[in-house]
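Asker: Build me a model from this:
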Amino acid sequence: MIDALTLDQLRVFVAVADAGSFRAAARSLSRVQSAVSHAIANMEQQLGVTLFDRAGHRPVMTPQGQALLANARDILLRVDAMRARAQGMGTGVELELSLVVDTLFPIADVGAALKAMRATYPTVATRVAVLPLGGPIDALLSGNHTLGIIAGEHFRHPRIAVQALSSVQMVAVVGVGHPLARKVVGYRMGNAMGNAAGDAAGDAAGDLASNLASNPSGNPASNPAGNAMLGAPELADHLQIVQSDSSGLSEGRDFAVLSPQTCRVSGQDTKHALILSGLGWGRLPLWQVERDLAEGRLVRLPTHSLGRGSQVETETYLAHRIDMPLGPAARAFADALHHPL
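Answerer: Presented below is the predicted three-dimensional model:
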């Protein structure tokens, strides 16, 4: 009888599917293997189908098991969401708000929202971590943090609920003393004066701050003198500063890496500092480099290889685990992010 199915059986079924064996599933559930085997056998009898082929050394999921696994996951997610919603209805003010923020999100906006939250909940302690790439999702899944801000579409998980926040403009930049910067300045000054080439491009670099005064964002698309575009091969000739991911969720994947020469760093501030030093080029959020561009310490790289107008818009999202309800302080923080003063 299907009515005799239990949530516990569904959780055991999903655990075996995820772990790959009854023994590994038993370890993950802190049970003996015989209890896991018994739960699966009862479930198969109640459903009238075979979920796992046990003929080999390891159980292999049958086509029927594969089809029903998606239903099991969906049921468990819905139950966890209902349980979290019910818990949230009776939750008092939390003792601590634990927040994990993607490195691409403006930390000043986080500070403003925390300030607004503390105006209502001054006794709530706060803990903030700033992590790149898959770090925020990993921190939420592990339970180390209750609320997160993630960036981009690369890292999603069915147990994580998200709400759109805002967008961040990502731009390719390089330090003013870098050869690519001299090439860009040479293009600009050459278009403006008709005689910038060779060594004159190097002389023009010293005048970059005044050259960009009418173009504070450093946007090549909005600068009529900056219409010479760099190709991917030209960027590949130079070292690219790349953000690494300590979470392991992006293992085997790179994002917008054009150069075979890379310097991988663990933090966004380190990446910013190394690009400023002239070591190499890389992409950074416009909010982080706007002042450097306006004051001539950085130059935007005009290229069609990294988005229209040499920039890419990255969406950001507020995120939390479906099965972990948000307390009043977390909800106040989220509301302040969505409706800044």
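Asker: residues in contact with Lys271?
Answerer: 241-243, 265, 282, 284 (CB atoms under 8 Å, 6 or more residues apart in numbering). Glycine gets a C-beta too; all of them are placed from N, C-alpha and C.
Asker: Do you know the pLDDT at it?
Answerer: pLDDT, Lys271: 94.
Asker: Give me the phi and psi for it.
Answerer: Phi and psi for Lys271, reported as degrees, to the nearest 10, are phi -60, psi -50.
Asker: One more: Leu68?
Answerer: phi -80, psi -20.
Asker: same deal with Tyr317?
Answerer: Tyr317 has phi and psi values of phi -140, psi 140 when expressed as degrees, to the nearest 10.
Asker: from memory it sits against Ala161, does it?
Answerer: No. Applying CB atoms under 8 Å, one finds Tyr317 not in contact with Ala161, separated by 9.4 Å.
Asker: ok, His178 - contacts?
Answerer: Neighbours of His178 in contact, by CB under 8 Å, 6+ apart: 238, 278, 280-281, 299.
Asker: Among the contacts of Lys271, name the ones in strands.
Answerer: 241-243, 265, 282, 284 (DSSP state E).
Asker: Looking at those residues, which is nearest His339?
Answerer: Closest approach between these and His339, by CB to CB: Leu284, at 27.3 Å.
Asker: three-state assignment of Arg27?
Answerer: helix (DSSP: H, G, I helix; E, B strand; the rest coil).
Asker: For it, which non-adjacent residue is closest in space?
Answerer: Residue nearest to Arg27 in three dimensions, not counting chain neighbours: Ala19, with 7.7 Å by CB to CB, 6 or more residues apart in numbering.
Asker: Could you report the neighbour count for that neighbour?
Answerer: For Ala19, the neighbour count with other CB atoms under 10 Å is 16.
Asker: nearest to Leu147, of the ones in strands among the contacts of Lys271?
Answerer: Gln243 (22.3 Å).
Asker: Excluding chain neighbours, what is closest to that closest one?
Answerer: Pro132 (4.9 Å).
Asker: And Glu94, by the same measure?
Answerer: Gly327 (3.7 Å).
Asker: likewise Phe333?
Answerer: Per CB to CB, 6+ apart, closest to Phe333 is Met117, 4.3 Å.
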